[in-house]
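> sequence first, then the predicted structure:
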Amino acid sequence: MTEPAGVVSTGGGTTGGAGAVGELLDVVRASTTRLLSSVPLPPQVIRVRAGDVAVELEWPVGGTADSGLTMPGPVAPGSASIASGTQPPALAAAESTDTTETTRYLTASMVGVFYRAPEPGAKPFVEPGDLVVPGQQVAILEAMKLMVPVEADIHARIVEVLVENGQSVEYGQPLFALAPLEAEGE
Amino acid sequence: MTEPAGVVSTGGGTTGGAGAVGELLDVVRASTTRLLSSVPLPPQVIRVRAGDVAVELEWPVGGTADSGLTMPGPVAPGSASIASGTQPPALAAAESTDTTETTRYLTASMVGVFYRAPEPGAKPFVEPGDLVVPGQQVAILEAMKLMVPVEADIHARIVEVLVENGQSVEYGQPLFALAPLEAEGE
Amino acid sequence: MSNRGDPFGFDTVLIANRGEIALRVIRACRELGLRSVAVYSTVDRDSLAVRLADDRVAIGPAPARNSYLSIPAIVEAARHSGAQAIHPGYGFLSEDPDFAEVCEAEGLLFIGPPAKVLARLGDKSTARALMSKVGLPLLPGTTEPVSDVTEAERIASEIGYPVIVKAVAGGGGRGMSVITDPADLQRIFQQTQANALALFGDSRVYLERYLPTARHVEIQVLCDRYGNAVWLGARDCSVQRRRQKLVEETPPPGLNPALIERMGEDAVCGALAAEYVGAATFEFLVDDQGRHYFMEVNCRIQVEHPVTEMVTGVDLVAEQLRIAAGQPLSLRQPEITLQGAAIECRVNAEDPQRGFIPTPGRLTEYWPPAGPFVRVDSHAFPGYEIPATYDPLLAKVVVWAPDRPRAIVRMRRALSEFTVSGPGVATTLDFLDAVMRDPRFVSATHDTSLVDQMTSERTAQ
Amino acid sequence: MSNRGDPFGFDTVLIANRGEIALRVIRACRELGLRSVAVYSTVDRDSLAVRLADDRVAIGPAPARNSYLSIPAIVEAARHSGAQAIHPGYGFLSEDPDFAEVCEAEGLLFIGPPAKVLARLGDKSTARALMSKVGLPLLPGTTEPVSDVTEAERIASEIGYPVIVKAVAGGGGRGMSVITDPADLQRIFQQTQANALALFGDSRVYLERYLPTARHVEIQVLCDRYGNAVWLGARDCSVQRRRQKLVEETPPPGLNPALIERMGEDAVCGALAAEYVGAATFEFLVDDQGRHYFMEVNCRIQVEHPVTEMVTGVDLVAEQLRIAAGQPLSLRQPEITLQGAAIECRVNAEDPQRGFIPTPGRLTEYWPPAGPFVRVDSHAFPGYEIPATYDPLLAKVVVWAPDRPRAIVRMRRALSEFTVSGPGVATTLDFLDAVMRDPRFVSATHDTSLVDQMTSERTAQ
């Protein structure tokens, strides 16, 4: 799975705020965190429910959550509290179940400038809709005059080119959205 | 109702935030924490529910709760308390039903020296096994030469005297364990 | 110089206070090898002071009158924990002559001046008379209390309006009212008397010329039991809301060093005349002509003491403990050198948008600033519940720099990295940042009216 | 003196580092009105530096060679974020002449000395020769590299055992071995050459007399582009484990002030001879006869710079930035006064019981100390995951006091309130506390062998 690392970064997961459900969920989630920080021993299961909003956490036996939670820290990676409503559409969206699963991202292997074509004025390596095979060059990254090819790593269809030609990208930044062919076959 | 005040409070669910549910949730959560700190043995499961607000915690078998982990809070001396609602509408939760519920504590209303008898050498006001009625003096607290009577506030049987004669006690420290007569009658 | 095993004559200190100042005293005790005892009301059970102290005693429920203001509770707590000395911090019982007297009677060492000195200086009328006698300049007004409205009217017109009516037993910005229009005198005068009675159990008031654009400047003093006294620079505390300080700094900017010197000497002279022992602060007003007027003496450690510590390198709380133990002052006046500039900002849990009303609540986020030359004195932590019961001070951010301009940019940096949030909790952080960027503050042309001016400019926008 | 709008010639600084030093540079930038850019590897995505900087760029995966040591990644990140200057911190690329050269070629301002100066001083052999030429005392040994075992044997017997073999390209305690017994020479000599090749890509080594009981003393220097240089006191860094510093302090206790003065003058003289620009540290050994010997120059800000800041009041990182901007030194030697004493303790995530092995993991508790005259430079927070990939420094606790005994008790107090815990995470806190109580340290009769002595005494118990 291509991790679009670095992209989320700090500003990330602030204050829900998606209407009434969001607020209620915020309250329930905050309450859960507080509860967790106030019990002497990390539990194995916590359930907090208010109306039809509920938060549940469960840790594997043996590996109970001594983990980060106690106190904030800037959006600790992985510790993001599971906010699962019963069926509030607004929030379930944030959990992305369908769309992302079929979409894969080809990300930047280094910091550099993104070029879609072998040289200025030439035809781009690929366009949306094109099929690509593993190892096929789809773009160039340039760092300090060093040209590094960007290659597809799976059989896929190019869904979208996410970065403008000539734009500078960070490590891990998604460059292309791909629809894996295996997935299509399923 | 003997509220061993000072022993619990702090969690005094202010803040609210998102309206009534938030407040109710605060109350339920605080109640859960209090309950947890008041039961003599760490439980494996706690469930507290009020209306459609509910809190549940479950610990793994074997890994029961010793104390003082997550956050400091110096295991307040003499922190014993009440709580747990079977199915009370809202807050009547602050009551009790089984084992722990049958024991109530009479706590110190101030910092001072605890005396069991009206004067040195005299017979103690009460002994374990004695019945007491509300308003009956059962001990003296002395602070700066001021003598303050300790009085029973319910019909009860003295189960245990928890403090030695002449010992200095803190505010809120349990002095007597009582078995309420109402409970016995049930 | 050895710091452990000094002959203190006591080994355990009870701190009759809460919040950041309780932590401050615990830290000083630990460095001196003394045991510390925290006392706490039920809402403070999980406080940092309770956590850090060597011992702790529950003294009562949340209301201060039943806990931090209860003399019997505190005296019994001292006995309970084996403390032989009591540090009162600031506020609460710190300037209560009765408490000091009870401590004396109960064989407990009160860390502060003797009860009779507290009584002498706590009564503003006596204090003014005494300071006037030894040559300190007073604002035109009365040293004797005024009880009669007609007499008050006569005196006010003699002094010239605006005048200020102050409770003899007042202090800390409470129990005083300004009268601008002679027509209001009777009403305001009688109101102030009534308030004074309600607040301090003492209806006596006195009159003074009111300076609307003065600077508030104060001198830190230390006195031992042997008639030695030193002063440790001056602090400017002109940034106030409702006469309560928000920002303090040292040295006072833009004041003639000779004037500061003169105030310092006045303060030492006044402290000796009052037979003071311990740490005291002499408060002065300085008018736009550069004249100074004695206002009152604070007989305790001040909230803003860290700025003085940062420019002198002296640990004022440790000095209080040493003095109480009967040690002679370790510092002579020529050894006290002032380096650079320091500023303190008080981060309160209050909403400047709504007239600085307190906003208690639980902190979900709390990240204090750090880094070079920044000190944060605070009892807060993530998850801390700010009680509604006590004063809303959450943290003191103190910075030092070689000069005031650099101290100001350092303070802006520190405030910019301070993150505090919680449902319903507002803070003075943004307002303090605005002060640090206000041209009047930056150029040091501000006076005690700055906060009011800023507030009305902000609402006007 | 104005602090904003100074003619820096750049407005954005990229910090090519991580952890506490990245925070330190961000804070200096902010006070100078400069924008800061943090770069980060994937495991540092949620770091405080990333959070506090004005901008941030992901530069690669966890391994340093693909992120913090990757010159193209950092240069591209500068372009990406519009940074015109790069502060390298310490470690990583901070003393890499190639990096400095690439920056120069790419039009980026490297905040440190010119590439040719880095090359000159990074080669221990050249550095020794240069310093010897301008009169700095060296330990008996070679300035030219030695490649032949037979020659090494001859020189070693001339110098007298024990000798130490050091990599010409080494530094920071790596690439050196002590030879006590002539019989071991061949083996150890060749091993060191092999290690040097593996570590630094350069097998050259040289020989020096080894002083088992010396004190490690270093001088902080600042030089501008115009041939002005000052020194800012000395630091004693004799408390080391495996030649890595654990505790540093200033002034060096028990040393003759005339000796320190002499080292300071030597350092300034050496810096000028090397055409140094920026902040440098001259490391010396001082033997039990009070003789000093030049060891090496560190061409960067040091981990332990805060102790110097605390006694001088100088912000060394801000000075680096000013110097890089082409400003002349704002300080002259007579203006640099040293007040009191400061100590730094390095709190590492390592287990002293198990030979100081690193213990990465997630922190469940993290409460740094605070209060008067205590500074904690740290990138940690509750919930922080200490990566296994980088060095285990977690926090630097720095205290100041009017004298060393009081600084020691203050440090004990600070360490006592430091709470760090997490599954599998051990720290040096207890060991540091033991150092602060060790009679040899307290009486300043310790030397660089203290940690080994303490460790063997502890295991013996």
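That came through fine.
> got a list of contacts for stretch A:124-134?
Here stretch A:124-134 makes contact (CB atoms under 8 Å, 6 or more residues apart in numbering or on different chains) with A:116-118, A:136-139, A:151-161, A:165, A:176, A:178, A:181. Just so you know, the C-beta spots here come from the backbone N, C-alpha and C atoms, and that holds for glycine as well.
> swap the cut-off to 10 Å and go again
Residues from elsewhere that reach stretch A:124-134 (CB atoms under 10 Å, 6 or more residues apart in numbering or on different chains): A:106, A:115-118, A:136-140, A:149-161, A:165, A:176-179, A:181.
> walk me through the domains of chain C.
For chain C, automatic domain parsing gives the domain ranges C:12-111, C:140-209, C:215-460.
> just say helix, strand or coil for the residue nearest the centre of chain C.
The residue lying closest to the centre of chain C (CA atoms, centre = their mean) is C:Gln302, at 3.4 Å. Recorded secondary structure, C:Gln302: coil (DSSP: H, G, I helix; E, B strand; the rest coil).
> got a list of what the closest residue to it other than its chain neighbours touches?
Excluding the flanking residues, the one nearest C:Gln302 by CB to CB, 6 or more residues apart in numbering or on different chains is C:Thr281, at 5.2 Å. Counting by CB under 10 Å, 6+ apart, C:Thr281 touches C:218-221, C:235, C:237, C:267, C:296-302, C:304-305, C:308.
> can you give me the distance of C:Asp266 to C:Trp231?
Here C:Asp266 is placed at a distance of 9 Å from C:Trp231 (CB to CB, to the nearest Å).
> more neighbours, the two?
In this view C:Asp266 and C:Trp231 are compared by other CB atoms under 10 Å in any protein chain shown, and C:Trp231 has more residues nearby, 25 against 21.
> could you identify the helix or strand that succeeds the helix or strand hosting that one?
In this assignment (DSSP states H and E), C:Trp231 forms part of strand C:229-241. Once strand C:229-241 ends, the next helix or strand along the chain (criterion: DSSP H and E) is strand C:244-250.
> could you check the angle strand C:229-241 makes with that next one?
If you take axes from the mean of the first three to the mean of the last three CA atoms, to 10 degrees, strand C:244-250 sits at 130 degrees to strand C:229-241.
> show me what strand C:244-250 is packed against.
Helices and strands touching strand C:244-250, by 3 or more CB pairs under 10 Å, 6 or more residues apart in numbering or on different chains; DSSP states H and E, are strand C:215-223, strand C:229-241, helix C:305-312, strand C:341-348, strand C:393-401, helix C:404-416, helix C:429-437, helix C:450-460.
> relative to strand C:341-348, how tilted is that strand?
For strand C:244-250 against strand C:341-348, the angle by the same axes, to 10 degrees is 160 degrees.
> to what extent is C:Ser330 buried, counted in neighbours?
Count around C:Ser330 with other CB under 10 Å applied: 15.
> and what of C:Gly112?
When counting by other CB under 10 Å, one arrives at 30 neighbours for C:Gly112.
> how would you label it: helix, strand or coil?
Secondary structure for C:Gly112, judged by three-state DSSP, is coil.
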